[in-house]
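Chemist: this is a predicted model, with the sequence first.
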Amino acid sequence: MEITLSILAFFLGITLVIVVIPPIIRVGHAKHLFDTVNERKLHTKTIPPLGGVAIFIGFNLATVVATGGIRFDELKYIQSALIVLLFIGLKDDMMDISARMKLMVEIFAAFLMVGMGDIRFTNLHGVLGIYDIGLIPSMIISVFAIIVIINAFNLIDGIDGLASGLAIVSTFILGLWFFFAGNYTFAIMAFALIGSLVGFFIFNVFGEEHKLFMGDTGSLIIGLIIATLIIKFNEMNINFTSEYAIQASPAVSFAIIIIPLIDTLRVMTIRIINKKSPFSADNNHIHHRLYYFFKKHIIITSILIASNIALFFFALYLNKTGLNVNYQLLLLIVTSVVISFVPSIFIRLNEDRKNQVVLKSRWSQITRLFFW
């Protein structure tokens, strides 16, 4: 029965998204609801940023239908928070709102889940030597983690298929683990999101006339759902003794969404060093750096998804070694940060080589002028 419901959630999610996207695109074109084209964007066409609406519909209906006969108390709080993010995301996609306003709404949505739904971290599994944490620290840490994950997926959404592709991989890993660990409600929820994202991915990457972006609406929704799954993943592993138990769950959690997290850390650090707001827009994201070498979005997306998968398996290997969770986190952070700067290093080397060629050419012209 659990397998049937998980499969139902997946296929219902993908079917609903495929059905609702064409009319959403028609509305977007009829009302001239397009994503702005500027020097920071890597697309040159006016495309509706309304994919998040389709993802919202597909995920919610698929989850409700597939969990209809199962008790799922947390779902109403998750859906309430998603509705809040749906409206603020739509407003930002259509009108642009301040980063401060969007952040305040994200905090409110996070508090709905943490404070009312009791979806929060209660144990840090030895990170910085901390295990059980009190109610107030638990709520603060949980809200902060949710905000970070939401904005990580919001910021990584820069090219076709990237945010949705990374989210599919992350959610599949979590959904599979929940299924084998016996938490079928969150497994069904995960597969409902995967189906919705696959439906969107098809239109976003391979669509021609029916192409659309997920917009802030989609990235905010994805971030919130994955943050929920990450919290439950860590909570289930506190005293879990099954063969599927993950001892260093914070490190493995970090690895599951490592590319969005490291890219966010990287660009915000660069902005702060340059005395800019950490929420200001720029071209320093890792997908911008890779675009210097690879002009096709699908290639960049594939590289980053493969990198995320490789780092996840590295985290699983570290987990098997029994190494202290703090050392595991440190190794993952150092490794991923080094990898994230590789494209920038190659760009600098390539630019230096071009400059040397130009200098040699000019010097050759000068010597010819005097010694020909």
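Modeler: Okay, I see it.
Chemist: what's around Ile270, how many residues?
Modeler: Ile270: 14 surrounding residues under other CB atoms under 10 Å. Just so you know, the C-beta spots here come from the backbone N, C-alpha and C atoms, and that holds for glycine as well.
Chemist: OK, contacts around it?
Modeler: Contact partners of Ile270, counting by CB atoms under 8 Å, 6 or more residues apart in numbering, are Asp282, Asn284.
Chemist: from Asp263, how far out is it?
Modeler: Distance, Ile270 to Asp263, by CB to CB, to the nearest Å: 11 Å.
Chemist: would you confirm that Val198 contacts Ile14?
Modeler: Yes. With contact defined as CB atoms under 8 Å, Val198 reaches Ile14; the gap is 5.1 Å.
Chemist: now Ala315: closest residue in space that isn't a chain neighbour?
Modeler: Nearest in space to Ala315, with sequence neighbours left out and distances taken as CB to CB, 6 or more residues apart in numbering, is Ala255 at 3.3 Å.
Chemist: residue contacts, the one you found?
Modeler: Ala255 touches Leu311, Phe312, Phe314, Ala315, Leu316, Leu332, counting by CB under 8 Å, 6+ apart.
Chemist: wait, the third one touches Leu332, no?
Modeler: What it means is Phe314. Yes. If you go by CB under 8 Å, Phe314 and Leu332 touch, sitting 7.1 Å apart.
Chemist: the two: which is more packed in?
Modeler: Here Phe314 and Leu332 are compared on neighbour count by other CB under 10 Å; more neighbours surround Leu332, at 23 against 17.
Chemist: which strand or helix spans that one?
Modeler: Assigned by DSSP states H and E, Leu332 falls within helix 325-371.
Chemist: same check, this time on Tyr77
Modeler: Per DSSP H and E: helix 75-95 holds Tyr77.
Chemist: mind exporting that helix as CSV, just the C-alpha atoms?
Modeler: Taking C-alpha atoms only, helix 75-95 is exported to CSV below (Å, rounded to 0.1, in the frame of the first residue of the first chain):
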residue,chain,number,x,y,z
LEU,A,75,0.4,18.8,6.7
LYS,A,76,-2.0,21.7,7.5
TYR,A,77,0.8,23.8,8.9
ILE,A,78,3.1,23.0,6.0
GLN,A,79,0.3,24.0,3.6
SER,A,80,-0.4,27.2,5.5
ALA,A,81,3.2,28.3,5.3
LEU,A,82,3.2,27.4,1.6
ILE,A,83,0.2,29.6,0.9
VAL,A,84,2.0,32.5,2.6
LEU,A,85,5.0,32.0,0.4
LEU,A,86,2.8,31.5,-2.7
PHE,A,87,1.4,35.0,-2.4
ILE,A,88,4.7,36.8,-1.5
GLY,A,89,6.4,34.9,-4.3
LEU,A,90,3.8,35.9,-6.9
LYS,A,91,4.0,39.5,-5.7
ASP,A,92,7.8,39.5,-6.1
ASP,A,93,7.6,37.8,-9.5
MET,A,94,5.0,40.4,-10.8
MET,A,95,6.1,43.6,-9.0
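Chemist: name the helix or strand for Val105, please.
Modeler: helix 99-111.
Chemist: buried ones in that helix?
Modeler: Lys102, Val105, Glu106, Ala109, Ala110, Phe111 (16 or more other CB atoms under 10 Å).
Chemist: what about Ile18, how many neighbours?
Modeler: That count, for Ile18 with other CB under 10 Å as the rule, works out to 19.
Chemist: contacts only, for the closest residue to it other than its chain neighbours.
Modeler: Nearest residue to Ile18, sequence neighbours excluded (CB to CB, 6+ apart): Gly199, at 4.8 Å. If a contact means CB under 8 Å, 6+ apart, then Gly199 has Gly13, Ile14, Thr15, Leu16, Val17, Ile18, Ile21, Ala54, Gly58 as its contacts.
Chemist: what pLDDT does the model give Gly199?
Modeler: Looking at Gly199, its pLDDT is 95.
Chemist: likewise for Val105?
Modeler: 95.
Chemist: you'd agree it is up against Val84?
Modeler: Yes. Using CB under 8 Å, Val105 makes contact with Val84 at a distance of 6.3 Å.
Chemist: list the buried residues of the helix or strand encompassing Asn204.
Modeler: In this assignment (DSSP H and E), Asn204 forms part of helix 184-206. For helix 184-206, the neighbour count (16+ other CB under 10 Å) marks 184-205 as buried.
Chemist: and what of stretch 221-238?
Modeler: 221-237.
Chemist: check stretch 237-251 too.
Modeler: Neighbour-count burial for stretch 237-251, with 16+ other CB under 10 Å as criterion, is recorded at Asn237, Ile246, Gln247, Ala248, Ser249, Pro250, Ala251.
Chemist: what does stretch 267-282 give?
Modeler: Val267, Met268, Arg271.
Chemist: ok, now stretch 130-139?
Modeler: Going by 16+ other CB under 10 Å, stretch 130-139 has these buried residues: Ile133, Ser138, Met139.
Chemist: separation between the first one and Phe254?
Modeler: This points to Ile133. In terms of CB to CB, Ile133 sits 18 Å off from Phe254.
Chemist: same question for the last one.
Modeler: Distance of Met139 to Phe254, given as CB to CB: 21 Å.
Chemist: which pLDDT value goes with the nearest residue to Leu316 once chain neighbours are set aside?
Modeler: Excluding the flanking residues, the one nearest Leu316 by CB to CB, 6+ apart is Val252, at 6.7 Å. Listed pLDDT for Val252 reads 97.
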